[in-house]
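A.B. asks: Sequence and predicted structure below; questions after.
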Amino acid sequence: MCLTAAFKYMLEYDLNADVRRAVLTSVAATTRTVGVILERTRDVKDVVRRLAYRVIAEKIHVRALTIAQRVRLLRQGLNDRIGNVTVWIALCRIFCGFLGRIDCVRLLRSMIL
């Protein structure tokens, strides 16, 4: 089993949130791993979800995501039950470079209201 496959398996099936967090910080963002990284934004533990948004902001360019993945990521982030500023900042970092001159904070807030 290659390392990437092991990381994907641990991200999807490991019961320990600390293991999932460690793998998220270590996994390379490739076409094979983007899906499981995105799935961690729906993790049961809020610390893993926050880290997933940060990892996506740091490692994955928004153009690498399909339109459906972008929409799902935005909806999940804006409706996340933790309501943490960290998620907002990560969403801004993910989408602001792509959107250009648009005021991302105002855009994100208008999408919630």
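C.D. replies: Arrived safely, thanks for sending.
A.B. asks: Show me the residue sitting in the middle of the chain in space.
C.D. replies: The residue lying closest to the centre of the chain (C-alpha atoms, centre = their mean) is Tyr53, at 3.3 Å.
A.B. asks: and it, how far is that from Thr30?
C.D. replies: Tyr53 is 19 Å from Thr30, where distance means C-beta to C-beta, to the nearest Å. Where you see a C-beta, it was placed from the backbone N, CA and C, and this is true even at glycine.
A.B. asks: before we move on, what about Leu15?
C.D. replies: For Leu15, the distance to Thr30 - C-beta to C-beta - is 25 Å.
A.B. asks: Skipping its backbone neighbours, what lies nearest Val55 in space?
C.D. replies: Leu24 (5.2 Å; C-beta to C-beta, 6 or more residues apart in numbering).
A.B. asks: tally of neighbours for Ile56?
C.D. replies: By other C-beta atoms under 10 Å, 27 other residues sit near Ile56.
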